[in-house]
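1. build me a model from this:
(2 chains)
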Amino acid sequence: MQRREFLTILTGALAAMLPINALAELLNQTWNKSAFEATKLDEAIKGLNISTETPSKDIEPSKNIEIVAPDRAENGAVVQIEITSNITNTESITVLVEHNPTPLIGTFSFSNGALPFVITRIKMAEDSDLKVIVKAGSQYFTASKKVVVLENGCG
Amino acid sequence: MATIKDNPKDGSRNMRMSAKLNGEITEVKMVINHPMETGRKKDDFGQLIPQHFIQQLSVTLNGKMVLEAQWGTGIAKNPYLTFRITGAKVGDKLETNWVDNLGETGGGETLVVNSK
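-> Below you'll find the model as predicted:
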């Protein structure tokens, strides 16, 4: 049996075992392959499909996005970041690291009373700007913070 | 396939999650056991370790979606996440599900408790 087939069957069996609607919903979503595999910041941002709603030049710098990240990260393999959006009607927070091999780190979408706030830990290959894009309705806002990386965290 | 053994699918051991209510706000924290391999790292024999990373994660509160995330390989190993929700009460159920690039799934659930 091919490994891929095995995994497909295995996944199907496991999904059937879990009586969870949320899982079905999760599997129905589409992972944004082109954006996540982009190797340049611009391409990653383009892959977010922002340009189809508003031209990418309309991504406005905003002081209403707070980024807490170390000025100097000891270990690029684990860099803790905290992002708060104070922009009304924030729907999602997207995190990018300009100089990573693939800049797009992740997107967090909030609904049903979740606040536009997230703390997570990311990998940083080298010194880079950490860039945040906030979606609020049809508008996009951005902020960034420079992080110096003392020990490379990508492998 | 050691990775499969390392990631039991029963949802009980592959992640830890807590949800603490303080005033109006419930803070949800989680740590998921997952290698988050980028596909660029080599093993002890100089062979590239294949990509293995969580791509999508969702969290529901009493069955209603509160957080949906899409991740690439840039989230650190054993992903850590904190976020905050309003409108939750003690005893409400939070449930997390994730799926990775190999089609493996995992998750967990917890009840909201008072922080004091």
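2. mind listing what residue B:22 touches?
-> By CB atoms under 8 Å, 6 or more residues apart in numbering or on different chains, the residues touching residue B:22 are B:115, B:116. The way it works is simple: take the backbone N, C-alpha and C, and place the C-beta from them, glycine included.
3. please redo it, this time with the cut-off set to 6 Å
-> residue B:115 (CB atoms under 6 Å, 6 or more residues apart in numbering or on different chains).
4. ok, now residue A:78?
-> Neighbours of residue A:78 in contact, by CB under 6 Å, 6+ apart: A:121, B:76.
5. mind checking pLDDT for it?
-> Reading off the confidence values, residue A:78 has pLDDT 96.
6. list phi and psi for it.
-> phi -140, psi 100 (degrees, to the nearest 10).
7. just residue A:24 next, same as before
-> Per degrees, to the nearest 10, the backbone of residue A:24 is at phi -60, psi -40.
8. any idea how far residue B:40 is from it?
-> Distance, residue A:24 to residue B:40, using CB to CB, to the nearest Å: 32 Å.
9. who does residue A:117 bridge with?
-> Beta bridges link residue A:117 to residue A:84, judged by DSSP bridges.
10. burial of it, as a residue count?
-> 21 (other CB atoms under 10 Å in any protein chain shown).
11. let me know the pLDDT of it.
-> 98.
12. I'd say it and residue A:84 touch.
-> Yes - between residue A:117 and residue A:84 there is a contact at 4.8 Å, judged by CB atoms under 6 Å.
13. who's in contact with residue B:65?
-> Here residue B:65 is in contact with residue A:111 (criterion: CB under 6 Å, 6+ apart).
14. same thing but 7 Å
-> For residue B:65, the contacting residues are A:111, A:112, B:58, by CB atoms under 7 Å, 6 or more residues apart in numbering or on different chains.
15. work out for me the element it sits within.
-> Using DSSP states H and E, the element containing residue B:65 is strand B:64-71.
16. roughly how far is that strand from the heart of the chain?
-> 11 Å (CA atoms, centre = their mean, to the nearest Å).
17. and the helix or strand following it, what's buried?
-> On the C-terminal side of strand B:64-71, the closest following helix or strand by DSSP H and E is strand B:80-86. Buried residues in strand B:80-86, counted by 16 or more other CB atoms under 10 Å in any protein chain shown: B:80, B:81, B:83, B:84, B:85.
18. filter the residues you listed down to the ones close to chain A.
-> B:80, B:81, B:83, B:84, B:85 (CB under 7 Å from any CB of the partner chain).
19. quick one: secondary structure of the residue lying closest to residue A:149 once chain neighbours are set aside?
-> Sequence neighbours aside, residue A:76 is the residue nearest to residue A:149 in space, at 4.2 Å (criterion: CB to CB, 6 or more residues apart in numbering or on different chains). Using DSSP: H, G, I helix; E, B strand; the rest coil, the structure places residue A:76 in coil.
20. perfect, I'm done here.
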